[in-house]
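Participant: sequence first, predicted model second:
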Amino acid sequence: MSARYLGHVFDIHGGGKDLIFPHDENELAQSRAAYPESEVNCWMHNGFINNCGEKMSKSANNFVTIRSIMTQYHPMALRFFLVRAHYKSDMNYSDEALEIASDLVYYIYKTLHDCDEMTSPYHEENISVPVPAEEQKLVDGHHKAFLESMSDDLRTTNVLDGFMELLKAIDSNLNDLKKLQQKLEQQKKEQH
């Protein structure tokens, strides 16, 4: 079926880490017996999502559906929770972990919204605002670290740590800018 719809060569074949041996070897052997050109370029095996220290599964009846999670949390909170761990690592599902992910996603969107709001007057007037050297160095460093981490077996945890550091710097600069604007407005009021 996969060969019929997807061809004989797969760039990426995924599955749980419990399938590493013998499942994948058997699958490849069966495919090559039928089609000698069958090939998989990259095998990727994910860790388990655990609930109360036990692998989530239908047979253990300890699973939570995505649909039920979406009734309580934004889809981005679930995505953030899932990419927060390396794909090969087991991770523990909990409402507390999703609350933390939800708070971090809110922080990300709030910071980006505040940034857009603070810089929109400059965009409207087509004024280029230079990025301070320290922050530009941080951005360049994060970009380099991003490429290195993603090239090193998709180390998303490292990427998110760097991204949160970058957002904190942006948030700090926004707060400084707000204080400066309030001070300037106060000075204008006092002059009149």
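Facilitator: Sure, I can see it. Numbers count the residues shown, from 1 in each chain.

Participant: pop the domain breakdown of this structure in here.
Facilitator: As assigned by automatic domain parsing, the chain contains the domains 1-46, 130-192.

Participant: looking at the ones you listed, which is closest to Ala101?
Facilitator: domain 130-192 (10.4 Å; C-beta to C-beta). All C-beta spots, glycine's among them, are computed from the backbone N, C-alpha and C.

Participant: average pLDDT for the closest one, rounded please.
Facilitator: Averaged across domain 130-192, the pLDDT comes to 91.

Participant: what about it, distance to the chain center?
Facilitator: Taking C-alpha atoms, centre = their mean, to the nearest Å, one finds the center of domain 130-192 at 18 Å from the center of the full chain.

Participant: contacts only, for Met76.
Facilitator: Val105 (C-beta atoms under 8 Å, 6 or more residues apart in numbering).

Participant: can I assume it sits in a helix?
Facilitator: Yes: Met76: assigned to a helix according to DSSP: H, G, I helix; E, B strand; the rest coil.

Participant: next one, pLDDT for it please.
Facilitator: Looking at Met76, its pLDDT is 97.

Participant: on that earlier part again, looking at the domains of the chain, which is closest to Cys115?
Facilitator: When those are compared by C-beta to C-beta, domain 130-192 sits nearest Cys115, at 5.9 Å.

Participant: which residue is the nearest non-sequential neighbour of Lys55?
Facilitator: Phe48 (4.4 Å; C-beta to C-beta, 6 or more residues apart in numbering).

Participant: read off the pLDDT value for the one you found.
Facilitator: As predicted, Phe48 sits at a pLDDT of 95.

Participant: quick check: phi and psi at it.
Facilitator: As for Phe48, its main-chain torsions (degrees, to the nearest 10) stand at phi -90, psi 150.

Participant: try the one 5 residues further on
Facilitator: The phi and psi values for Gly53, taken as degrees, to the nearest 10, are phi 80, psi 0.

Participant: roughly how far apart are it and Ala101?
Facilitator: The gap separating Gly53 from Ala101 is 20 Å, by C-beta to C-beta, to the nearest Å.

Participant: between these two, who's got more neighbours?
Facilitator: A direct count of neighbours by other C-beta atoms under 10 Å for Gly53 and Ala101 places Ala101 higher, at 21 against 7.

Participant: next secondary structure after the helix or strand containing the more buried one?
Facilitator: Using DSSP states H and E, Ala101 falls within helix 95-124. The first helix or strand that comes after helix 95-124 along the chain, using DSSP H and E, is helix 133-151.

Participant: elements contacting the helix or strand that that following helix is followed by?
Facilitator: Toward the C-terminus, helix 133-151 is succeeded by helix 156-191 as the next helix or strand (DSSP H and E). If contacts are counted by 3 or more C-beta pairs under 8 Å, 6 or more residues apart in numbering; DSSP states H and E, helix 156-191 sits against helix 75-83, helix 95-124, helix 133-151.

Participant: appreciated, that's everything.
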